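K.L.:
Could you work out the structure for the sequence below:
(one chain, ligands or ions: 1)
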Amino acid sequence: MAQGKTILILGGGIGGIVAASQLRRALSREHRVVLVEQAATHLFQPSLLWLMLGLRAPQQISRPYTALARRGIELLRGRVEHIDPARRVVTVDGKELTADYLVIALGAELAPDAVPGLAQAGHNLYSLAGAEAIRDARLTLTHGRIALLVSAMPFKCPAAPYEAAMLLEWDYRRRGLRDRVQIDLYSPEPGPMSVAGPEASAQVRAMVEQKGIGYHPQEKVASVDPGARRIHFESGVSADFDLLVYVPPHRAPESVRAAGLCGDSGWVKVDRATLATPFPGVYAIGDVTPSASRCPRPAYWRTGKPRWSRTTSPPKSPAPAR
Ligand SMILES: Cc1cc2nc3c(=O)[nH]c(=O)nc-3n(C[C@H](O)[C@H](O)[C@H](O)COP(=O)(O)OP(=O)(O)OC[C@H]3O[C@@H](n4cnc5c(N)ncnc54)[C@H](O)[C@@H]3O)c2cc1C
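P.N.:
Predicted coordinates for the structure are as follows:
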């Protein structure tokens, strides 16, 4: 008789939840599907842009993981400290767990501290605390300069900073303050969302500029001076701001880097067809392996019809809407 296997999924973000849900559906109950996650609730990150304008409250974009347990997925709350991919052994809060199959879905680690002065000077658009701070700061800032800054490449959701700039522009317009506020977007990219191709990139740039938002591509931040409220770029250019909204540098999580799972790119290298890493029985999905990401963007861009959007409510449980 076949023996039950243990599948350990590290990280309960979108990638980990989808992997756990699909595997639970596909496998008989003799096999264990265990999801390891450090947080108590899942945060639907795309809705941070709505939260930033006060259009969503934190509890509307978060769901407890308990719903997954009702479906037969075992939940283990804890921090992944160490991964031994050759033995498929993971240390969670000091305890070792052995897996027959390992799925790494720990996402991208945000590293604002990698840019001197950045964390002290501005608000992180990609975190709940940062989005809440932007929500409050925009009400206080009734005139002046808002700088949106993409710190480094690659970063998740190439559209998000452009959406954020246009949403802030709309917010100031609806409050009758637009002519008192200058909005600029700085990015090391050659153009917006180059992954979408030159035509879409040009269209997004035109949309941004038509709204009177200053767009400054190919500007890579070197440091930020929180006291002077000034951004210094590697090009020698500097820019002053009253409110700084930033996308921080991203990197693979520390435990993943230490495990020797990252290739030259700094991210987990997988077979694009199977998501298998070079270690037998070890797979990776999501932001931890950006080059293999299979997000719905290409179809969305072709058809113009999003399969999901942040205007719709997030699913009632952390599982994807079906
Ligand atoms: C503002 C914003 C807007 C976005 N908009 C879109 C969009 O419109 N469309 C789109 O496709 N994508 C969008 N994204 C990107 C999307 O949210 C990510 O690509 C997606 O969340 C990646 O899923 P993931 O599972 O790989 O990582 P994550 O969702 O980041 O999940 C990683 C999980 O691992 C956990 N974890 C990390 N380290 C540990 C550890 N050591 N121990 C235990 N647990 C750990 C974390 O707590 C987290 O729950 C957006 C992102 C942001 C920030």
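
K.L.:
Within the helices and strands, which one has G4?
P.N.:
Using DSSP states H and E, G4 falls within no helix or strand.

K.L.:
Hmm, it is touching H31, no?
P.N.:
Yes. The criterion here is CB atoms under 8 Å, and G4 meets it with H31 at 5.0 Å. No exception for glycine: its C-beta is placed from N, CA and C like everyone else's.

K.L.:
Give me the more crowded residue out of the two.
P.N.:
H31 (17 against 12; other CB atoms under 10 Å).

K.L.:
how many neighbours does V80 have?
P.N.:
Applying other CB under 10 Å, we find 24 other residues in the vicinity of V80.

K.L.:
May I have the residues that are in contact with it?
P.N.:
By CB atoms under 8 Å, 6 or more residues apart in numbering, V80 lies in contact with L10, G11, V36, Q38, V90, T91, V92, L106, P253, S255.

K.L.:
now, which of those lie within helices?
P.N.:
Among the contacts of V80, DSSP state H puts S255 in helices.

K.L.:
Now the two most distant members of the contacts of V80.
P.N.:
Farthest apart among the contacts of V80 by CB to CB are G11 and T91. That separation is 14.9 Å.

K.L.:
And those two? Which one has more around it.
P.N.:
G11 (28 against 16).

K.L.:
wait, isn't the more buried one in contact with L106?
P.N.:
Yes. The pair G11 and L106 passes the contact test of CB under 8 Å, sitting 4.1 Å apart.

K.L.:
got any residues that touch both of these two?
P.N.:
The contact sets of G11 and L106 overlap at V80, V288 (CB under 8 Å, 6+ apart).

K.L.:
Hmm, E234 is touching A222, no?
P.N.:
Yes. Between E234 and A222 there is a contact at 4.8 Å, judged by CB under 8 Å.

K.L.:
Between these two, which has more neighbouring residues?
P.N.:
For E234 and A222, the more surrounded residue by other CB under 10 Å is A222, and the numbers stand at 16 against 12.

K.L.:
And that one, how far from Y162?
P.N.:
To Y162, A222 is 23 Å away according to CB to CB, to the nearest Å.

K.L.:
Likewise for Q60?
P.N.:
Going from Q60 to Y162 by CB to CB gives 24 Å.

K.L.:
higher neighbour count, these two?
P.N.:
More crowded of Q60 and Y162, by other CB under 10 Å: Y162, with 22 against 14.

K.L.:
is it true that that one lies in a helix?
P.N.:
Yes. Using DSSP: H, G, I helix; E, B strand; the rest coil, the assignment for Y162 is a helix.

K.L.:
Surely it and P192 touch.
P.N.:
Yes. Using CB under 8 Å, Y162 is in contact with P192, at 5.2 Å.

K.L.:
any shared contact partners between those two?
P.N.:
Residues touching both Y162 and P192 by CB under 8 Å, 6+ apart: V204, V208.

K.L.:
Can you pull the poorly scored residue ranges out of the chain?
P.N.:
1-2, 293-322 (pLDDT under 70).

K.L.:
For the stretch 1-150 of the chain, list the residues in contact with the ligand, please.
P.N.:
Counting by CB under 6 Å from any ligand atom, the stretch 1-150 of the chain comes close to the ligand at 11-16, 36-39, 45-46, 48-49, 79-80, 105-107, 125-126.

K.L.:
Now the buried members of these.
P.N.:
Among those, the ones that count as buried by 16 or more other CB atoms under 10 Å are 11-16, 36-37, 45-46, 48-49, 80, 105-107, 125-126.

K.L.:
Kindly provide the distance from the closest residue to the ligand within the stretch 151-300 of the chain to L128.
P.N.:
Closest contact between the stretch 151-300 of the chain and the ligand, by CB to the nearest ligand atom, is at G286 (2.1 Å). To L128, G286 is 19 Å away according to CB to CB.

K.L.:
Next: M193.
P.N.:
To L128, M193 is 24 Å away according to CB to CB.

K.L.:
When these two are compared, which one has more neighbours?
P.N.:
Each of M193 and L128 has its neighbours counted (other CB under 10 Å); M193 has more, 20 against 15.

K.L.:
Correct me if wrong: that one contacts A159.
P.N.:
Yes. With contact defined as CB under 8 Å, M193 reaches A159; the gap is 5.8 Å.
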